[in-house]
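Trainee: show me the folded form of this:
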Amino acid sequence: MRKRLKMTVIGSVLVLVLSSSQMAAGAGTKGNMDNAETGKSVEEIAEVLAEAAIPYVGDAPGVGNLLYALQDNGIMPEGDFTYELQTDEEPYGLQIYFSEEPADEDTFVERILDGSMLCLTLVENLEEVQCTFPQIYDGKDAQVTYYMDENIVTAMTGTKNLKELKEYAKSPEKLAELLSLELDCQRTEMEISGMEDEDSASVAIIGGADGPTSIFLAGKLG
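Mentor: Residues are numbered from 1 along each chain as shown. Predicted structure coming up:
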């Protein structure tokens, strides 16, 4: 049975999909979070992030503290940002808005994916994360949003569900194991019209009346 993607579309949309097959590398392989810019090891970063873990996404100061900890440790991208919390109903969510277009989009996106994954890990009741940044697309101002939920992050990390992912937050040692996973994403451009897929994740598309919107998924469609 074919499952249609759930979409809300406003304005012109370009969809690029991040394929998440073969995400987890072998034991002892360190990912890009052993950050040369900070001079810190995975273990040192894990200590800081474990202290920043919080139980509820409704704790706005706690979320801010976590986001700045991720940024200060070279995981979340640099730059000014604001954030909003979705706590009225499930899925409980976090939306992060960066104010400037990235100079190095590839690195920026890698850090968005790492940061989103760790937010889902370190906020106990958090269920989805969206990161948005401005971009010029086809000569017009646009907003690009990367979306991550349980389907996506479990494919990236090899965990069974969000509950298992959040077990990594129980100690700095466990968190260091997660930071050491090698994540591999491949972008594939797809047309949005009539898009269907048997194993697709839900797609949330945030439109913009003032310009087109691009949605990037860290999940596999196809």
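Trainee: now Ala142: which helix or strand?
Mentor: Taking DSSP states H and E as the criterion, Ala142 maps to strand 140-148.
Trainee: just want the angle from the helix or strand just after that strand to strand 140-148.
Mentor: The first helix or strand that comes after strand 140-148 along the chain, using DSSP H and E, is helix 150-157. Inter-element angle recorded for helix 150-157 and strand 140-148: 80 degrees (by axes from the mean of the first three to the mean of the last three CA atoms, to 10 degrees).
Trainee: quick one: secondary structure of the residue lying closest to Thr87 once chain neighbours are set aside?
Mentor: Once flanking residues are discounted, Thr87 sits nearest to Gly58: 4.3 Å by CB to CB, 6 or more residues apart in numbering. The C-beta positions use only the backbone N, C-alpha and C, and glycine is treated the same way. Here Gly58 is recorded as coil under DSSP: H, G, I helix; E, B strand; the rest coil.
Trainee: re earlier: next, the buried residues of the strand holding Ala142.
Mentor: Going by neighbour count (16 or more other CB atoms under 10 Å), the buried part of strand 140-148 is Ala142, Gln143, Val144, Thr145, Tyr146, Tyr147, Met148.
Trainee: what's the answer for stretch 164-171, then?
Mentor: Leu165, Lys166, Tyr168, Ala169.
Trainee: then stretch 161-172 to CSV, C-alphas only?
Mentor: Output of stretch 161-172 as CSV, limited to C-alpha atoms (Å, rounded to 0.1, in the frame of the first residue of the first chain):
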residue,chain,number,x,y,z
ASN,A,161,13.2,4.7,18.4
LEU,A,162,13.5,8.0,20.3
LYS,A,163,13.4,6.3,23.7
GLU,A,164,16.5,4.3,22.8
LEU,A,165,18.2,7.5,21.3
LYS,A,166,17.6,9.4,24.6
GLU,A,167,19.3,6.6,26.6
TYR,A,168,22.6,8.2,25.3
ALA,A,169,21.8,11.2,27.5
LYS,A,170,22.0,9.1,30.7
SER,A,171,25.7,9.6,31.2
PRO,A,172,28.7,11.4,29.6
